[in-house]
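Enquirer: can you look at this prediction? I've put the sequence above it.
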Amino acid sequence: AQTVTQSQPEMSVQEAETVTLSCTYDTSENNYYLFWYKQPPSRQMILVIRQEAYKQQNATENRFSVNFQKAAKSFSLKISDSQLGDTAMYFCAFRGAQKLVFGQGTRLTINP
Amino acid sequence: DTEVTQTPKHLVMGMTNKKSLKCEQHMGHRAMYWYKQKAKKPPELMFVYSYEKLSINESVPSRFSPECPNSSLLNLHLHALQPEDSALYLCASSQRRGNQETQYFGPGTRLLVL
């Protein structure tokens, strides 16, 4: 079975700083997708970024980028120029042949 | 448009009540999902509908009964719930069920069972 591990339960940075959230996963599949979702206190689960496993190029979405290391099964999220609105719970998720599997989440707080 | 809507936003019910949660999407997605999320935990998959047919039931108790009346709507009927069923219930949809598909989530229904 696939597992997703987020080793940082909580993180806190100052506004405008860069922060990196860690995620590792375990799978025997070769074709899969990886996601980062954001869940602010308003509770809506919002897609931040996704990465296709067959693509070597790291995905980027504005201030959000990933460092995808397939051999190491690592998928970290970098948030540049962090903003107060980035305060949220961040979930890393793996989608293989079965269901979407989530990590335990990292609670990120951006301080003014 | 990646909007999934859910009603109601909040629901309080007694253990003998019958209520329903509703989810709607107009993105033409053919897979829809129900998740349960407890505080400070990741969502847990409950049910998956693919092309309006139930394809996955993650051993959910029968007091939860899903229904997919058409390709845009997904309901979750609740009956004789327990206080431990109190949680955030999230609906999601994706174009198809498969590892290439991105799931888009609704805002959730916060359920409190008294």
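Expert: In hand now; what should we look at?
Enquirer: so the most centrally placed residue in chain B versus residue A:11, what's the distance?
Expert: In chain B, the centroid-proximal residue (CA atoms, centre = their mean) is residue B:34; its distance is 2.9 Å. Here the criterion is CB to CB, to the nearest Å. By it, residue B:34 lies 30 Å from residue A:11. Glycine gets a C-beta too; all of them are placed from N, C-alpha and C.
Enquirer: swap in residue B:65?
Expert: For residue B:65 relative to residue A:11 (CB to CB), the value is 40 Å.
Enquirer: next one: residue A:100
Expert: Distance from residue A:100 to residue A:11, by CB to CB: 23 Å.
Enquirer: residues from chain A in reach of chain B?
Expert: Residues of chain A found near chain B (CB under 8 Å from any CB of the partner chain) are A:29, A:31-33, A:35, A:37, A:42-47, A:50, A:52, A:89, A:91, A:95-97, A:99-100, A:102-105, A:107.
Enquirer: between residue A:100 and residue A:11, which is the more surrounded one?
Expert: Remark: of residue A:100 and residue A:11, residue A:100 carries more neighbours, 26 against 15, as counted by other CB atoms under 10 Å in any protein chain shown.
Enquirer: bridged to the closest residue to that one other than its chain neighbours, which residues?
Expert: Excluding the flanking residues, the one nearest residue A:100 by CB to CB, 6 or more residues apart in numbering or on different chains is residue A:93, at 5.4 Å. Assessed by DSSP bridges, residue A:93 has beta-bridge partners residue A:35, residue A:102.
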